[in-house]
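Visitor: build me a model:
(2 chains)
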Amino acid sequence: MNFVSAHYALFFCAIFVAFWALRSRHVERTVLLVLASAWFYTRFDYGPRHPRIGWLYLAVLFCSAAIDFGLSRAIHEADTSPRALSDAEWGTRRRKRLLLISIVYNLGVLAWFKYTNFGIDTARHLLGALGVHVSPRTLSIVLPIGISFFTFETMSYTIDVYRRELVPPRGKGAFLEYLLFISFFPHLVAGPIIRPKDMLPQLRRDPVFDEGRASEGMFLIATGLLKKVVIADYLALNHVDRVFDRPEWFSAPENLAAVYGYALQIYCDFSGYTDIAIGSALLLGYVLPKNFDSPYKSRSLQEFWHRWHISLSSWLRDYLYIPLGGSKGPAWKTYRNLMITMLLGGLWHGASWNFVVWGALHGAALAFTRMWQRRAGASDPPVRDPRAEVLKGVLTFHYVCLAWIFFRADGFARARMMIRQIFLGGWHVANLSRGVALVIALGFVSHLLPDDLYQRARRGFSSLPAPAQGGVLFLVALLVKKVASAGVAPFVYFQF
Amino acid sequence: MTASLAEPPSRPPRGSADDGQAVASDASAEATFVGDRTRGPVAAVLATKPARAIASFLLLAAIPYLHPSLKSLRLVALPGDARDVVTADGPTGITPEYGELALDKANNDKPPILDDQEPMAPLELVAPAGSTTAPPMLSEQAIAVGAQYRPVEDPTGHAMDGFFASLRKSEQGAPGAVTRVAHYGDSLIVSDFMSSTLRRRFQSRFGDAGHGFVLMAKPWAWYFHQDVSHWSSDGWKTSRIVNPRIADELYGYGGATFRTFEGGTKSTFGTAKAIAGDPKSEKEAFGRRVSRFEVHYLEQPDGGSFDLLLDGKKVQSVSTRLKTGDTKKIAVARVTAEDGEHSLEIRAQGGAEARFFGVVLERDVAGVVWDALGVNGGRARILDVNDDGHWAESLRARAPALVILQYGTNESEDTGYPQEQYEATLEAVLKQVRVALPESSCLVIGAMDRAGHGAAGMETRPIIPKLVDSQRKVAFKSGCAFWDTYLAMGGPGAMGRWSKASPKLGGGDLTHPTMAGATLLGDLLYAALMNGYATAAR
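Guide: Modelled structure (predicted):
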């Protein structure tokens, strides 16, 4: 079920009423949300060849949840069992073994669905390069929506229990709560990637209806819709898709506009989705973590990753980069760890060498930044030159855009062609409409405005009388409907 | 624009390393509520300001359902709003607006096809004639999205005779045995996506007799031609069959006319250029040779003059002034050259209006020429806007062996025009083609699938199958053949699947195919035409 649809609006209204009716009945309320989330998940369209595969993938989701829930409990019990108390080494070995089973299972499922054909294809190319020509058949595997997100969430639960940072809850409804933590529909298919420590306590206690938060939720849903449909879809349909499809047909400024447009598109698409997810959760009394913080204001790659897809970058930091050794140890190890983290982060986005290159570009730049900082002796000079800050911001943005070219292009040839056209293409702008140029300009101007203005708008909306708030929501819905008359594009991050 | 939610929960989450169990056990003690505690939980929530805001929203959303005149404000269409009628508010479809657009400078230097795409070798088509099974040309991805081989439908068995006979001559290599195809269509053809695939396929199989017809300047942002170099200066003003129109309704072969009064206004056409330093692109064979340019212009009273420059050297001056009478008429200026890489510049002398339609690039060898004649926002009946006699004259000047009409996407957007009237206007347009070119074949290509969001995800718009039925009916009635794009794409829900495929075959607008999708469509039609050709030969 797509957030940008009347079906979702009706679905959410029904859940909203039923949820608050069951507000103080913990088990019933949890069951309601689990069933609603299951329904939401099975409503995604996998095409006529797979009419019921949504139900199968729901089973995959529930199966992963059940296995990790059981393993986490066993890990916890290995600490507290009588044998562990007498034989600490046995307890440690057992905990490690159980954690390993969880990780192998989760990554195995992810690898099967996401990387099998990529592996077959890569092996075929490598063998071909060695002169061994085989033509293995790729398998017909359909990727379950949201698998990358829920796999990371179940893994973080088990790892947190292993690290003794979380005690797996017991008692009535504990598994249901866990199931809801994994499957809660606002974040199920495209994040934010939530942590058990943040979410489980919220799910346990009875929700509180807070007018201020609910108003903020509505405001976020409205802005999310505008970002998604009015900016992201508009740019994709009217410029970005066409230019990325045939970059050689377009001039330098047109290609450059497509790259800037894509930077804006992917931000508005993904952060728009996140806004709707966070807004929906807020209306149900739950707080999901912030996932974006004006990423194109960043003055370094490090800062970018503190502002872009925050829930993923912090997950990679806590569960991959730091376990690899983080920035402790010799400098080369830090650079290696950064590179590995970003390469795997790239691969997380999709089974394609394009994503690997995207990750490598970010990894290399992060390592270079770290090296530069080490040589300079400090990450920030005591006095900042405003012109230098602007220059750093511009350079960072353009490096991010360069990486986006590889992220978005269908194959290296097109990415290369686009870069070539940007430097060597002609200078006409016959294919760049005023509307597209205006939306790109407005998008970036609004992105770069001080956060305070956004907060003021949010507070302004909250202070409006209820009928006026309803009027604003209606106007937004009408605008979305008009702009999306040809159909709303699927969210970019559904495929990851 | 900030994805905001900086504040933490008003009470910090209590889950921590050691209190998971405790939190679960005292959950009921946490129950607090903002709102009226004297009411039930639902009533209390519904009395809050956010709930009243949502109620106001629902009320406003309900108002447009009270009266049909407010239909455009409805957020969700009612079943009665479904588009079960075709096309717009009059026989010409679009309310005419007369005038012209000034065009900016445009540069369409197209390097040959990208090196990551499959080489455009002739397809081996082994599907038996009339078979509905997929020929082996279909990729796994095409099969996965439901694309399927569809034959050209021709109940008489003779609708394509003229085309196949001409193809046979081209195949035999007789000098001057050029088979021309006039491919009219909408945005899909404006971009030359599908038509370029067909051009390359046919030229690979039967010989490259040149690129064909290109409009004088770029009347739409997305007007492209593959494998040809095309540049125009500013100074051109255009009128088109889709608005702004011109009072005399003379739009030539391609549906657009270009005027200039200014001396020095120019357009250049030439063979495709390779990407410097790209060996694969340098090896590309399409669009690299031309031996004849034809400039289609209008002879009119007080018409101005223009110069023709071949490879930068002036070779001819042409006056567009009518020699006799005062009836404007289409005229053609020809420039020949040795077969090879060339460019032709058309430069207006100024002082009086010179009016043009387009330029043809051809070769004097046996083969196929595929004229891509797309019009943005095009509908079949809009071809009727062109003056009947003038259009017939333009068609005869090119003498295509096959005329293809590929429309439907824009018609699917229109409302309020009865299906019978749609059929009648389509029939009238086909009749004009048949009268102008009685020996030629005609082929109606059915509407592509177009998706919208329905209860079961992305679904075919209900209007599409109805449009296809009408198009098939009229094609057969007019003695034309028909090819069902909708079923070839995979029938119900096809565009939804195409747009979700990886790489994408359908665009995010759920209406247009991507380059890869258009190439697949071109291949499917090529397969259908070639199977028909093979059957006719037997």
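Visitor: name the helices or strands packed onto the top strand by length along chain B?
Guide: Longest strand in chain B, counting residues (DSSP state E): strand B:329-340. Packing partners of strand B:329-340 (3 or more C-beta pairs under 8 Å, 6 or more residues apart in numbering or on different chains; DSSP states H and E): strand B:290-299, strand B:305-310, strand B:313-319, helix B:388-398. Where C-beta positions appear, they are placed from N, C-alpha and C, glycine not excepted.
Visitor: other SSEs contacting the second one?
Guide: Right, the one you point to is strand B:305-310. strand B:290-299, strand B:313-319, strand B:329-340, strand B:343-348.
Visitor: let's have those strands in JSON lines, adding mean pLDDT and mean neighbour count.
Guide: Listed next are the helices and strands packed on strand B:305-310 as JSON lines, based on pLDDT from 0 to 100; neighbours: other C-beta atoms under 10 Å in any protein chain shown:
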{"stretch": "strand B:290-299", "mean pLDDT": "96", "mean neighbour count": "22"}
{"stretch": "strand B:313-319", "mean pLDDT": "96", "mean neighbour count": "13"}
{"stretch": "strand B:329-340", "mean pLDDT": "94", "mean neighbour count": "15"}
{"stretch": "strand B:343-348", "mean pLDDT": "96", "mean neighbour count": "23"}
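Visitor: next, format those as JSON lines and append distance to residue A:388.
Guide: As requested, the helices and strands packed on strand B:305-310 are exported to JSON lines (distance: least, C-beta to C-beta, whole Å):
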{"stretch": "strand B:290-299", "distance to residue A:388": "55"}
{"stretch": "strand B:313-319", "distance to residue A:388": "55"}
{"stretch": "strand B:329-340", "distance to residue A:388": "56"}
{"stretch": "strand B:343-348", "distance to residue A:388": "49"}
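Visitor: ok and the residue in the stretch 51-200 of chain B nearest chain A?
Guide: residue B:56 (2.5 Å; C-beta to the nearest C-beta).
Visitor: identify the residues contacting that residue.
Guide: Applying C-beta atoms under 8 Å, 6 or more residues apart in numbering or on different chains, we find residue B:56 in contact with A:466, A:467, A:469, A:470, A:471, A:474.
Visitor: wait, which of these is closest to residue A:362?
Guide: residue A:469 (40.3 Å; C-beta to C-beta).
Visitor: gap between the closest one and residue A:225?
Guide: 15 Å (C-beta to C-beta, to the nearest Å).
Visitor: repeat for residue B:473
Guide: On the measure of C-beta to C-beta, residue B:473 and residue A:225 end up 42 Å apart.
Visitor: now swap in residue B:164 and tell me
Guide: From residue B:164 to residue A:225 the distance is 54 Å (C-beta to C-beta).
Visitor: reformat the helices and strands packed on strand B:329-340 as JSON lines; add distance to residue A:282.
Guide: Formatted as JSON lines, these follow (distance: least, C-beta to C-beta, whole Å):
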{"stretch": "strand B:290-299", "distance to residue A:282": "63"}
{"stretch": "strand B:305-310", "distance to residue A:282": "67"}
{"stretch": "strand B:313-319", "distance to residue A:282": "71"}
{"stretch": "helix B:388-398", "distance to residue A:282": "61"}
